[in-house]
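Peer 1: the sequence isn't on hand, but the structure is:
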């Protein structure tokens with residue numbers, strides 16, 4: 001409840017912020033910021049993989065009766081520092097070469113692109129060294145502090161962007177600098193909190209256990225491979241679109257990515273909140289509880305995604321026009337395809353925490369990486385054949401669906417997990433709701449109304465229908481009782 005309350009507020013602030021930024025910078029500069037950020041993303045892909053590795057090892061250590069969390073923390077911190085220095089070196093060599101030789105920008109914007117790149121890469125490297133500290137909040141299931149810091153950062157950024165509207169200088173440079181400094185402030189606050197509340201865990205010491213470094217690095221290397229592939233697909237798509245269509249279409253794609261970042265958070269936040277319990281129960285050998293958690297999380301991730309998916313897919317055109325003063329051409333198609341990708345991603349809830357907890361990730365990560373990287377040459381082929389830009393996002397959805405089938409097969413074969421139970425518990429209730437909501441959306445679209453109040457009412461109606469379908473068709477009677485009881489207890493408390 002804390003995580004989603006925060007995410008809802010941050011989404012409202014973020015959506016308004018995106019509108020201000022698009023209006024203030026213009027489509028071209030907004031696209032420039034997104035494509036240069038994509039170049040930085042290619043070199044900071046390791047950020048997510050390191051975070052997953054740190055959270056996994058800290059949770060495993062916490063699940064042991066006599067675990068030494070401080071030792072694991074220092075091992076992870078040493079790895080993070082080394083990786084940050086390596087990324088800084090690679091980015092300065094490879095990123096600068098790409099900007100000078102391949103990046104397509106409007107005349108006179110080359111210096112702006114270089115400034116954005118340098119500011120962002122430095123902040124990203126500092127952020128990598130901060131990952132072990134921020135991972136402690138997830139491991140201890142301390143979501144309140146993260147909520148406060150995240151919301152405070154969003155409000156600060158909103159205030160700075162409002163100032164940017166009246167700023168007469170180079171706005172794209174000022175925007176990149178503001179985003180960087182506000183993010184670094186949140187990192188500093190995180191470090192201060194950890195030093196005050198977990199001083200024994202973050203106490204610096206030299207760990208000489210080479211086997212522990214080796215084990216963490218092997219695990220992390222697989223995570224790096226998969227994260228590199230995912231970032232290569234995500235950020236590489238920005239570069240691919242830039243190569244074929246230019247920064248204006250990048251601006252439309254940037255709008256879709258803004259929507260995606262909030263919608264994907266619906267499933268990933270719930271998945272992330274469950275990760276400590278899944279990992280600790282698996283580490284303690286409690287497989288019955290682990291299986292129960294994975295199946296329930298899988299179902300609930302889909303249900304939560306539905307709350308955003310169906311209303312948005314029904315009224316995306318209305319939402320975009322309400323949100324943005326000027327909707328970039330092609331943004332509607334991009335956003336609809338992005339919603340489909342986010343929905344397919346939600347069908348894997350609970351699976352990644354289980355795979356990470358097992359430590360047997362090699363086959364999963366190699367297969368996943370192959371599929372993700374395959375999207376870029378296939379997208380290049382589609383564009384060469386004259387396909388519109390949004391087809392690339394449709395390709396992502398198809399590949400993700402194929403990956404889910406392979407993933408469930410591997411779970412059954414290698415981890416002896418009941419994929420059949422997962423499908424029955426997670427997918428079957430969702431399919432019934434999909435059938436009902438498809439009928440609702442289709443029938444309401446046939447009504448002869450076309451005004452702003454009508455579209456707003458239809459959005460609310462579809463959302464309400466989704467909630468009722470989940471409550472009375474998706475949830476069992478016992479689950480409904482537990483949800484209502486839990487909410488009442490928290491409000492009373």
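Peer 2: Looks like it arrived, so ask away. As the structure is a computational prediction, the values presented were derived from the model and not from experiment.

Peer 1: and the nearest residue to residue 212 once chain neighbours are set aside, what does it touch?
Peer 2: Nearest non-adjacent residue to residue 212, counting by Cβ to Cβ, 6 or more residues apart in numbering: residue 75, 5.4 Å away. C-beta: built from backbone N, CA, C; applies to glycine. For residue 75, the residues meeting the contact criterion (Cβ atoms under 8 Å, 6 or more residues apart in numbering) are 57, 207, 209, 212-213, 216.

Peer 1: tell me the spacing between residue 75 and residue 213.
Peer 2: Distance of residue 75 to residue 213, computed by Cβ to Cβ, to the nearest Å: 6 Å.

Peer 1: now stretch 307-315: buried residues?
Peer 2: The neighbour-count criterion (16 or more other Cβ atoms under 10 Å) identifies 308-315 as the buried residues of stretch 307-315.

Peer 1: go on, stretch 431-440?
Peer 2: 433-434, 436-437, 440.

Peer 1: what helix or strand is the residue nearest to residue 212 located in?
Peer 2: Here residue 75 sits within helix 69-90, counting by DSSP states H and E.

Peer 1: and the contacts of the next helix or strand after that helix?
Peer 2: If you walk from helix 69-90 toward the C-terminus, the next helix or strand you reach (DSSP H and E) is helix 96-101. The list of residues contacting helix 96-101 from outside it, by Cβ under 8 Å, 6+ apart, reads 36, 39, 110, 113-114, 117.

Peer 1: quick one: common contacting residues for residue 75 and residue 213?
Peer 2: With Cβ under 8 Å, 6+ apart, residue 75 and residue 213 have common neighbours residue 207.

Peer 1: quick check: phi and psi at residue 387.
Peer 2: Recorded main-chain torsions at residue 387 are phi -70, psi 150, according to degrees, to the nearest 10.

Peer 1: and for residue 208?
Peer 2: Per degrees, to the nearest 10, the residue geometry at residue 208, taken as phi and psi, is phi -100, psi 10.

Peer 1: widest-spaced pair of the contacts of helix 96-101?
Peer 2: Of all pairs drawn from the contacts of helix 96-101, the one with the longest distance (Cβ to Cβ) is 39 and 110, at 13.4 Å.

Peer 1: which of these two has more neighbours?
Peer 2: For the pair residue 39 and residue 110, the greater number of neighbours falls to residue 39 (25 against 13), based on other Cβ atoms under 10 Å.

Peer 1: could you dump the buried residues of stretch 431-440 to CSV with pLDDT, secondary structure and distance to residue 179?
Peer 2: Below are the buried residues of stretch 431-440 laid out as CSV (pLDDT from 0 to 100; DSSP: H, G, I helix; E, B strand; the rest coil; distance: Cβ to Cβ, whole Å):
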residue, pLDDT, secondary structure, distance to residue 179
433, 94, helix, 38
434, 94, helix, 37
436, 94, helix, 41
437, 94, helix, 37
440, 94, helix, 39
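
Peer 1: what's the angle from the helix or strand residue 226 falls within to helix 69-90?
Peer 2: Using DSSP H and E, the secondary-structure element containing residue 226 is helix 210-245. Here the directions of helix 210-245 and helix 69-90 differ by 40 degrees (axes from the mean of the first three to the mean of the last three Cα atoms, to 10 degrees).

Peer 1: if anything else comes up later, I'll come back, but that's it for now.
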